[in-house]
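In: Below are the sequence and a predicted model; questions follow.
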Amino acid sequence: MRTDVAQLVRLEDYRPSDFLIDRVELDVRLHPTMTKVTATLSMRPNPAGRSDVPLVLDGDEVNLKAIALDERVLEVGEFEASPQSLVISQPPQQPFRLTIETEIDPTANTKLMGLYRSSGNYCTQCEAEGFRRITYFLDRPDVLAVYTTRIEAERVEAPVLLGNGNPVESGAVEGTGRHYAIWHDPFPKPSYLFALVGGRLGRVAKPFTTMSGRKVEIAVYVEPGKEHRADYALDALERSMIWDEKVFGREYDLDVFNIVAVSDFNMGAMENKGLNIFNDKYVLASPETATDTDYANIEAIIAHEYFHNWSGNRVTCRDWFQLCLKEGLTVFRDQEFSSDERSRPVHRIAEVKTLRARQFLEDSSPLSHPVRPSQYREINNFYTATVYEKGAEIVRMLKTIIGDEDFRRGMDLYYESCDGTAATVEDFLKAFADVTGRDLSHFSHWYAQSGTPRVNVHGHYDEAAKTYRIDFKQQIPPTPGQPTKEPMVIPVVLGLVSQDGQPMQAACERVSTRGVFLLDKAEDSITFTGVSSRPVPSVFRGFSAPVKVSLDLSSEELLVLLRHDTDAFNRWQAAQTVAMRMLVSLSTGVAVRDEEMNSLASAFCSFMDRDALSDPAFAALVLTLPSEADIAQEIGKDVDPDAIHRARKEVRRHIGRACFEHLTDFYRTLAETEAYSPDAASAGRRALRNAALDLLTAADQQAGEKLASEQFETASNMTDRLASLGVLMTIPGMVRENAIGDFEQRYRNEPLVLDKWFTLQAAIPEDTTLDRVKRLMEHPAFSINNPNRVRSLIGSFAMLNQVQFNRKDGAGYALLASIVLRADELNPQLASRLLTAFSTWKMMESTRRSHARRALQSIAQKPNLSRDVGDIVNRSLE
Ligand code: ARG
Ligand code: ZN
């Protein structure tokens, strides 16, 4: 095992900074390999910090050129500089100005943190600790300063120069080919929100007037020639701004709002003040190159980053343990936005699918951690589904418990009382405690306890007394560092449905008028009176809490819910539960009676008969069976991915055969007649049609192949073309290989489209895929340096291809391990993300488990691992 493990950072060790920085003046002279940065910091001792201590500034691979204190050049001996820190042993006890000159090489920056180059353009990424790669600084979120930035570059190389805040001045540098721009951001901000951009960029823009009548220019910058692909992003931005005014009363606060798309980016996007920088995958869209899912993601991420202007920037985080304070809240806000712009129930189902696939998985793995972790070795490893998605669920539960009005009042108070500060989760909860008079201390366990609670629900009907009792029992499994837990406060939104599908109005005083029962003990029961017949309970409506539910309902009762429940989420859930039971049985060698299979199939058929076409997007979700990864998670131990693959195929074939006529009919009637539009209703029709194609093909490969090839050739948009190619992928042979070649030719100049092509091929569940992936790594469009390429090919192989990544001979694990090691030398964040694909290794059957352990050990034993990979590999093996 490694011995040189990184230092542990603990929440309980937090103390305020000993020094503060009030103002930052930056002068950045861009150059491909020798960029010069002069930072002038107006500093003073922090009254809340310790006195008579040295000043220690953070650095990371920076090269110090000169340093002066109050304009006096410091001599060797008065300071100590290394690439990691700059220490001044006897700093002044009153305000002072520190001027630091550093030199950095943006071209050599393959980590994509700090200042780097992407397709020749200069850009930055500073969250979480990237600013220290630009200059020495107090690089922590509770040090807030007002920044003025002067950016200078060769005009031909970088005609566009962008910074945070408002543009102040720009012009030529006399007698040179260089020019400059000065930007000033009046809002004090932490260094992680700093950004600058310099490059050749095209632009789309429009004016926006805020609710109080202020004029703002909003703009999106992209690669020249791709401006038309930025229109949707600009539109989504405008809609986000209007929505945040209407729903949360939040107004934009600068004169300009700029978004820049870059093609090399570690994450989705970044909310730098007034200058959001995006992975171009989440900006660029045209019907020919982007799918409906891409459009939905663009809308959500544009909104997410914009919403951070209040939840993150105006109110920021005291320290990185509070990351969920901005991320969980902002995910909640973007989910609400998408729900309002699209279909709320459909969006809720999509959210829950992601939560289960990513967060529940993480929470049941060695990487499980609380929404607010209490310790970390590498903060970049905590930008997780738990912090983001479970963090959003906590906010949603809070809203469910206190109600819409008090939630809005609490949010207003939070913004008002914390504006301009670096806050904590306690500050957030205090706002809601203050407006409601409630004690939220028990509720706050959601932030501190890791693991997904399991809630057992048992119903008892008393025919004579006409009462219905529901017994609830909650259990939270042990997780790393947390062997035992306290019961949580779990909001259960519920109702009763009669066996013939009618809503039942039974009384229960423990259930609020909004239909919420609060389960806050390990065990509790509630009793409904005046229940005239045995009901079917519909619990956790709308997925009211991020828990796993065990229900003692029969398949027949679940199918009553699928048919009749007033809650769309539980209708979908009922179908999933019935299918999951069958899939688990088939995957684990438990016999399934023909009648069971037939009753599921006929439930699907009658669903298609009655109401599928009234909400196609919802119907597409019902018709999509739990994924192989979902089934593996449900089984939980000694998993055999091959058996799961066979089981899922069998059930799909069965349903496809039983409902063949309906499916054919849907496929025909839903054919597109109008020009492509990315709106939710049109997307829903495409989703249902393509789900039908998938099931048809499962039932009759030949017929499916024919339809899919036709669709592939004639498709007028990327959604339909890609869906048909996805179907063809399931059928080995020349038709498939020709389509793969055709797609490659068509889109050879479209890197983001070829990413989809990489993904589909990496997901082929056949033994030859390993070689295919290795071959594709040599493809001219592939680059180990570009995170989008690596995630599309390698990430998809590891996360989507259950049978080939988890090959019984261990070759899938070995391939991933070797790529992780290669990537780690260039980009540790990318490498450690890939490595999280091993989080399922302990649930595999023993042969696979030992192969996976060996692969992980081979990584752990390598010298000079990054902190990122070292941390993940060690936690995975614990
Ligand atoms: N704050 C960004 C967001 O909106 C994520 C940036 C994370 N970057 C990183 N290198 N860890 O979600
Ligand atoms: Zn965010």
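Out: Thanks, I have it. Ligands and ions are numbered 1, 2, ... in the order given.

In: give me the residue from the stretch 501-650 of the chain nearest ligand 2.
Out: Nearest residue of the stretch 501-650 of the chain to ligand 2: Pro546, at 18.6 Å (Cβ to the ion). Every residue, glycine included, has its C-beta placed from N, CA and C.

In: Excluding chain neighbours, what is closest to that residue?
Out: Nearest residue to Pro546, sequence neighbours excluded (Cβ to Cβ, 6 or more residues apart in numbering): Glu393, at 4.2 Å.

In: same deal with Glu288?
Out: Closest to Glu288 by Cβ to Cβ, 6+ apart is Met718, at 6.0 Å.

In: which residues touch Gln802?
Out: Counting by Cβ atoms under 8 Å, 6 or more residues apart in numbering, Gln802 touches Glu628, Ala629, Ala632, Pro641, Ile644, His645, Pro765.

In: now swap in Lys399 and tell me
Out: Contacts of Lys399 (Cβ under 8 Å, 6+ apart): Phe407.

In: got a list of contacts for the helix or strand of the chain with the lowest mean pLDDT?
Out: In the chain, no helix or strand scores lower on mean pLDDT, DSSP states H and E than helix 594-610, which sits at a mean of 93. Defining contact as Cβ under 8 Å, 6+ apart, one finds that helix 594-610 is touched by 555-556, 559, 562-563, 575, 578-579, 582, 619, 622-623, 651, 654-655, 657-659, 662-663, 666.

In: The residues you listed: which ones sit near ligand 2?
Out: Near ligand 2, judged by Cβ under 5 Å from the ion, there are no entries from the contacts of helix 594-610.

In: just the buried members of the residues you listed?
Out: 555, 559, 562-563, 575, 578-579, 582, 619, 622-623, 651, 654-655, 658-659, 662-663, 666 (16 or more other Cβ atoms under 10 Å).

In: Show the backbone phi and psi for the residue nearest to Glu288.
Out: phi -70, psi -30 (degrees, to the nearest 10).

In: what's the burial count for the closest residue to Pro95 other than its chain neighbours?
Out: Of all residues not flanking Pro95 in the chain, Arg44 sits nearest, at 4.1 Å (Cβ to Cβ, 6+ apart). By other Cβ atoms under 10 Å, the residues close to Arg44 number 15.

In: quick one, what contacts Arg44?
Out: Residues in contact with Arg44, defined by Cβ under 8 Å, 6+ apart, are Phe19, Leu20, Asp22, Gln94, Pro95, Phe96.

In: give me phi/psi at the last one?
Out: Meaning Phe96. phi -150, psi 160.

In: you'd agree it is up against Ala68?
Out: No. Under the criterion of Cβ atoms under 8 Å, Phe96 makes no contact with Ala68, lying 10.5 Å away.

In: more neighbours, those two?
Out: Between Phe96 and Ala68, Phe96 has the larger neighbour count (other Cβ under 10 Å), namely 17 against 14.

In: Tell me which helix or strand comes right after the strand or helix carrying Gln633.
Out: Assigned by DSSP states H and E, Gln633 falls within helix 628-635. Once helix 628-635 ends, the next helix or strand along the chain (criterion: DSSP H and E) is helix 641-658.

In: Closest one of the contacts of Gln802 to ligand 1?
Out: Ala629 (23.4 Å; Cβ to the nearest ligand atom).

In: residues contacting the closest residue in space to Gly704 that isn't next to it in sequence?
Out: What sits nearest to Gly704 in space, not counting adjacent residues and going by Cβ to Cβ, 6+ apart, is Thr697, at 2.5 Å. Thr697 is in contact with Gly656, Ala703, Gly704, Glu705, Leu707, Ala708, Val727, Thr730, Ile731, counting by Cβ under 8 Å, 6+ apart.

In: Apply 10 Å and report the result again.
Out: Applying Cβ atoms under 10 Å, 6 or more residues apart in numbering to Thr697 gives the contacts 652-653, 656, 663, 703-708, 724, 727-728, 730-731.

In: ok, of these, which come out buried?
Out: By 16+ other Cβ under 10 Å, these give Arg652, Arg653, Gly656, Leu663, Gly704, Glu705, Leu707, Ala708, Ser724, Val727, Leu728, Thr730 as buried.

In: Mind listing what's buried along stretch 348-356?
Out: Arg348, Ile349, Ala350, Glu351, Val352, Lys353, Leu355, Arg356.

In: For it, output the C-alpha coordinates as PDB.
Out: Extracted as PDB, the C-alpha positions of stretch 348-356 are listed here (Å, rounded to 0.1, in the frame of the first residue of the first chain):
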ATOM      1  CA  ARG A 348     -38.900  14.000 -12.000                       C
ATOM      2  CA  ILE A 349     -38.600  10.400 -13.300                       C
ATOM      3  CA  ALA A 350     -35.500  11.400 -15.300                       C
ATOM      4  CA  GLU A 351     -34.000  13.000 -12.200                       C
ATOM      5  CA  VAL A 352     -34.700   9.900 -10.100                       C
ATOM      6  CA  LYS A 353     -33.200   7.600 -12.700                       C
ATOM      7  CA  THR A 354     -30.000   9.600 -12.600                       C
ATOM      8  CA  LEU A 355     -30.000   9.700  -8.800                       C
ATOM      9  CA  ARG A 356     -30.400   6.000  -8.500                       C
END
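
In: Helix, strand or coil: sort out Ala48 for me.
Out: coil (DSSP: H, G, I helix; E, B strand; the rest coil).

In: which one is it nearest to, not counting chain neighbours?
Out: That would be Pro16: by Cβ to Cβ, 6+ apart, it lies 4.5 Å from Ala48.

In: Next one: the one you found relative to Ser191, how far apart?
Out: Distance of Pro16 to Ser191, given as Cβ to Cβ, to the nearest Å: 16 Å.

In: ok, these two, which is more surrounded?
Out: Set Pro16 next to Ser191 and count neighbours by other Cβ under 10 Å: Ser191 wins out with 25 against 17.

In: In contact with the more buried one, which residues?
Out: 21, 24, 58, 126-127, 129-132, 134-135, 137-141, 143-145, 147.

In: if we can go back for a sec, buried stuff in whatever helix or strand the residue nearest to Pro95 lives in?
Out: According to DSSP H and E, Arg44 maps onto strand 35-45. Using 16+ other Cβ under 10 Å as the test for burial, strand 35-45 gives Thr35, Val37, Thr38, Ala39, Thr40, Leu41, Ser42, Met43, Pro45.

In: Just list the residues touching the fourth one, thanks.
Out: The neighbours of Ala39, taking Cβ under 10 Å, 6+ apart as the test, are 21, 24-28, 57, 98-102, 131, 134-137, 147, 149.

In: and if you look at the first one?
Out: Neighbouring residues of Thr35 by Cβ under 10 Å, 6+ apart: 28-29, 102-107, 109, 115, 117, 122, 134, 152-153, 198.

In: host element of Phe528?
Out: Phe528 belongs to strand 523-529, assigned by DSSP H and E.

In: what's the very next helix or strand once past that strand packed up against?
Out: Note on strand 523-529: by DSSP H and E, the next helix or strand toward the C-terminus is strand 535-538. The helices and strands touching strand 535-538, judged by 3 or more Cβ pairs under 10 Å, 6 or more residues apart in numbering; DSSP states H and E, are strand 454-462, strand 467-475, strand 495-498, strand 503-504, helix 555-564, helix 568-587.

In: The same query, at a cut-off of 8 Å, please.
Out: strand 454-462, strand 467-475, strand 495-498, helix 555-564 (3 or more Cβ pairs under 8 Å, 6 or more residues apart in numbering; DSSP states H and E).
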